[in-house]
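1. Kindly return the folded structure for what I paste below:
(4 chains)
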There are 2 protein chains.
Amino acid sequence: MPAELRPTQALRLWHDVTLDLVRDGEHDLSARQMAVLLTVYLEMPPHTVRGLAAKLGVTKPAITRALDTMGRLGLVSRHRDPKDRRNVVVQRTVAGALAVERLGDVVIARHRELPL
Amino acid sequence: MPAELRPTQALRLWHDVTLDLVRDGEHDLSARQMAVLLTVYLEMPPHTVRGLAAKLGVTKPAITRALDTMGRLGLVSRHRDPKDRRNVVVQRTVAGALAVERLGDVVIARHRELPL
DNA sequence: CCTAATCGTTTCGGAGCCGTTTTATTTAAC
DNA sequence: GTTAAATAAAACGGCTCCGAAACGATTAGG
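-> From the prediction side, this is the model:
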């Protein structure tokens, strides 16, 4: 566990990273889309529409639409589960992994630059 | 400066806080609105529409609309600058300060719980 | 004065996301 | 085999946001 963050540092970190994301503009992901993206890339697969909806506390169509958008951006891909063809499993992509990695770099850089 | 964050920790932190914001649902602020809110509450006043637009790299109408929404939520207030009545200065509110403080608490809590 | 520049807002057409409801496909139950 | 349950997607109406352009109000320059 890292050293405790002070309130000013925590807010400064969130501000700086958010500002970077807004300025770069590439992402343009909503909070839900960001939550879906990071869940898919950080938590253990498999990820289904239903599971993601439950985890985020939103409806399934919201997840489907988020996956539509993110699929269009190449950040994730969808495939029918061969075992149970009702399910759709969400899978990672190279572009998605790169985007997540870049986000991690931004967070680390901004965290490193936090004032004492 | 806090101890260095590892990539996994940085992404886990962003994921956990984002998930909290999505699940609570209260905020529902876009990335731009979040950037405006934190800029107003963390950086030195005065804050003008033009200055915020330049800082965030977006158009002025986008800032005006963000301030409309956030004003409706009671998170900020606007007043004409008496010195130069063309300018509008964005000011803090009690509700806005509380919302920012709660966000800081979430970031701190999630940071504290990061795995080694 | 009077023109030009600055500032914030409003308007406009277009695009995206929301929740609810409906549809289609697939699996489970009996 | 037929019906019921589960899953994701599509359709629908409503709401918000976007950038560009046009618009008033205010100030600065000559």
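2. For the rest of this, base every contact and every neighbour count on C-alpha atoms.
-> Will do.
3. what's around A:Thr48, how many residues?
-> A:Thr48 has 21 neighbours, counted by other C-alpha atoms under 10 Å in any protein chain shown.
4. same question, A:Glu26
-> A:Glu26, neighbours per other C-alpha under 10 Å, totals 9.
5. The one 10 residues further on now?
-> Residue crowding around A:Val36 was assessed by other C-alpha under 10 Å; the count is 26.
6. Grab the nearest non-local neighbour of it.
-> Counting by C-alpha to C-alpha, 6 or more residues apart in numbering or on different chains, A:Val36 lies nearest to A:Leu52, which is 7.1 Å off, once chain neighbours are set aside.
7. is it true that that neighbour lies in a helix?
-> Yes - according to DSSP: H, G, I helix; E, B strand; the rest coil, A:Leu52 belongs to a helix.
8. how much space between it and A:Leu75?
-> A:Leu52 sits 16 Å away from A:Leu75, going by C-alpha to C-alpha, to the nearest Å.
9. ok, now A:Asn87?
-> Applying C-alpha to C-alpha to A:Asn87 and A:Leu75 gives a distance of 20 Å.
10. Just want to know which of those two has more residues nearby.
-> A:Leu75 (20 against 15).
11. What is the burial count for the closest residue to that one other than its chain neighbours?
-> Distances taken as C-alpha to C-alpha, 6+ apart place A:Gly96 nearest to A:Leu75, at 3.9 Å, with adjacent residues excluded. Residues lying near A:Gly96 (other C-alpha under 10 Å) number 22.
12. same check, this time on A:Thr8
-> A:Thr8 - counted by other C-alpha under 10 Å - has 15 other residues nearby.
13. Now it: closest residue in space, sequence neighbours ignored.
-> B:Gly104 (7.7 Å).
14. In contact with that neighbour, which residues?
-> If you count contacts by C-alpha atoms under 8 Å, 6 or more residues apart in numbering or on different chains, B:Gly104 has them with A:7-8, A:10-11.
15. which residues in chain A form strands?
-> A:47-48, A:76-80, A:88-92 (DSSP state E).
16. Now do the second one: which elements does it pack against?
-> Here strand A:76-80 is seen to pack against helix A:60-72, strand A:88-92 when contacts are counted using 3 or more C-alpha pairs under 8 Å, 6 or more residues apart in numbering or on different chains; DSSP states H and E.
17. what angle do that strand and strand A:88-92 make?
-> Angle of strand A:76-80 versus strand A:88-92, following axes from the mean of the first three to the mean of the last three C-alpha atoms, to 10 degrees, is 150 degrees.
18. got the residues of chain A near DNA strand D?
-> Listed as neighbours of DNA strand D in chain A under the rule C-alpha under 7 Å from any atom of the strand: A:48-51, A:60-61, A:64, A:78, A:86-89.
19. Now pLDDT and distance to A:Ala35 too, for those residues, in JSON lines please.
-> Converted to JSON lines, the residues of chain A next to DNA strand D look like this (pLDDT from 0 to 100; distance: C-alpha to C-alpha, whole Å):
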{"residue": "A:Thr48", "pLDDT": "94", "distance to A:Ala35": "14"}
{"residue": "A:Val49", "pLDDT": "92", "distance to A:Ala35": "13"}
{"residue": "A:Arg50", "pLDDT": "94", "distance to A:Ala35": "15"}
{"residue": "A:Gly51", "pLDDT": "93", "distance to A:Ala35": "13"}
{"residue": "A:Lys60", "pLDDT": "94", "distance to A:Ala35": "14"}
{"residue": "A:Pro61", "pLDDT": "94", "distance to A:Ala35": "15"}
{"residue": "A:Thr64", "pLDDT": "94", "distance to A:Ala35": "14"}
{"residue": "A:Arg78", "pLDDT": "94", "distance to A:Ala35": "17"}
{"residue": "A:Arg86", "pLDDT": "88", "distance to A:Ala35": "24"}
{"residue": "A:Asn87", "pLDDT": "92", "distance to A:Ala35": "20"}
{"residue": "A:Val88", "pLDDT": "92", "distance to A:Ala35": "18"}
{"residue": "A:Val89", "pLDDT": "95", "distance to A:Ala35": "17"}
